[in-house]
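S.K.: attaching a predicted model along with its sequence, questions to come.
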Amino acid sequence: MKRKWNWPIWVGFVVVVAGLFSYEFFARFPITRDFPWANFLLFGTGAALLIVGLFRAFGRPQIYRGKIFGSIFAAIVVLVVAFFSYEIFYVLRQVPPSAGAPRVGQKAPDFLLLDQNGKPVGLGDLLSGSRAVALIFYRGFW
Amino acid sequence: MAISVDLPETNRRQSQKLGYTFPLLSDPKTQVIRRYDVLHPGAGPKGADIARPAEFLLDSNGIVRWVNLTENIAVRARPEQVLDALNQLSPAGQ
């Protein structure tokens, strides 16, 4: 008898891969970037499907296929989730302490830099006539 | 205003693309970035030195009144946080 296609293995794997590649999309919104719960939700859903599929493949191998692909996908999923977690919980948090950064109550160091039109702009120019100045440092490389 | 290691030309394109109306300053030698101790050594593409994300609110005398130094690159100050800090600094109408 021909054994049945074990769809949860394939769908689960695709959902996990989608969880990885959708990071760039979800990172556009603060609510899904500050903590990437949407990606972890996809990982969890995909892994649950994959586990269901594995139980089918190994529990009732006479009915369902997928022992080999199920095992390969399970190994890839473990690597994907491990890599993602390492990036999110370790790499993204390797920010220098900036202990010497100006603190509340201190005077901000003056500077003179070129703006986007090649015109020199000093902190003094921005402060004069302003109620306040928001100074934002970006990682850049746009 | 914003500061990064990008060149004015890159910043011009970025400003135009996103419609920024504030100065986007270029610090390719990381002089100001170092002066503010917000350097992230080797964190850019090909190990380039870049700025870590950091936000300061200065009053009209150039005194720091609010600082946000994130511990996670993905978590930045949101515009409303900066506006809250601004409103506490000088309530509207003053």
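M.R.: Nice, I can see it.

S.K.: Provide the secondary structure category for B:Val64.
M.R.: The three-state label for B:Val64, taken from DSSP: H, G, I helix; E, B strand; the rest coil, comes out as strand.

S.K.: where's it relative to B:Phe56, distance?
M.R.: Between B:Val64 and B:Phe56 the distance is 6 Å, computed by CB to CB, to the nearest Å. Quick note: C-beta positions are derived from backbone N, CA and C, even for glycine.

S.K.: geometric centre of chain A: which residue is closest?
M.R.: Centroid check for chain A by CA atoms, centre = their mean gives A:Tyr23 as the closest residue, at 4.6 Å.

S.K.: next up, the contacts around the spatially closest residue to it that is not a sequence neighbour.
M.R.: Nearest in space to A:Tyr23, with sequence neighbours left out and distances taken as CB to CB, 6 or more residues apart in numbering or on different chains, is A:Asn39 at 5.7 Å. Under the criterion of CB atoms under 8 Å, 6 or more residues apart in numbering or on different chains, the neighbours of A:Asn39 are A:19-20, A:22-23, A:26, A:32, A:84.

S.K.: can you check A:Arg56 too?
M.R.: With contacts defined as CB under 8 Å, 6+ apart, the neighbours of A:Arg56 are A:6, A:8, A:63-64, A:66.

S.K.: restricted to strands, list these.
M.R.: Members of the contacts of A:Arg56 lying in strands (criterion: DSSP state E): none.

S.K.: restricting to those residues, which residues neighbour chain B?
M.R.: With CB under 8 Å from any CB of the partner chain as the criterion, those include none near chain B.

S.K.: rebuild the residues you listed as JSON lines, extending it with pLDDT, distance to B:Val82 and neighbour count.
M.R.: Formatted as JSON lines, the entries for the contacts of A:Arg56 read as follows, by pLDDT from 0 to 100; distance: CB to CB, whole Å; neighbours: other CB atoms under 10 Å in any protein chain shown:
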{"residue": "A:Asn6", "pLDDT": "95", "distance to B:Val82": "52", "neighbour count": "22"}
{"residue": "A:Pro8", "pLDDT": "97", "distance to B:Val82": "47", "neighbour count": "22"}
{"residue": "A:Ile63", "pLDDT": "95", "distance to B:Val82": "60", "neighbour count": "12"}
{"residue": "A:Tyr64", "pLDDT": "95", "distance to B:Val82": "56", "neighbour count": "22"}
{"residue": "A:Gly66", "pLDDT": "93", "distance to B:Val82": "52", "neighbour count": "24"}
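
S.K.: what's the closest of the residues you listed to chain B?
M.R.: Nearest to chain B among the contacts of A:Arg56: A:Pro8, at 31.5 Å, using CB to the nearest CB.

S.K.: the nearest residue to that closest one once chain neighbours are set aside: what secondary structure?
M.R.: Using CB to CB, 6+ apart and skipping residues adjacent in sequence, the residue nearest A:Pro8 is A:Gly53, 3.7 Å away. Local secondary structure at A:Gly53 is given as helix here, using three-state DSSP.

S.K.: before we move on, what about A:Val121?
M.R.: Look at A:Val121: counting by three-state DSSP, its state is strand.

S.K.: tell me, how many residues neighbour the closest residue to it other than its chain neighbours?
M.R.: Spatial nearest neighbour of A:Val121, excluding adjacent residues (CB to CB, 6+ apart): A:Asp115 at 4.7 Å. Using other CB atoms under 10 Å in any protein chain shown, A:Asp115 has 19 neighbouring residues.

S.K.: A:Asp115 contacts B:Thr21, correct?
M.R.: No: counting by CB atoms under 8 Å, no contact exists between A:Asp115 and B:Thr21, whose distance comes to 11.9 Å.

S.K.: ok, residue 52 - contacts?
M.R.: No chain was given, so I picked chain A. For A:Val52, counting by CB under 8 Å, 6+ apart, the contacting residues are A:8, A:12.

S.K.: ah, no, chain B please
M.R.: Taking CB under 8 Å, 6+ apart as the criterion, B:Arg52 is in contact with A:95-96, A:98, A:137, A:139, B:38-40, B:43, B:69-70, B:73.
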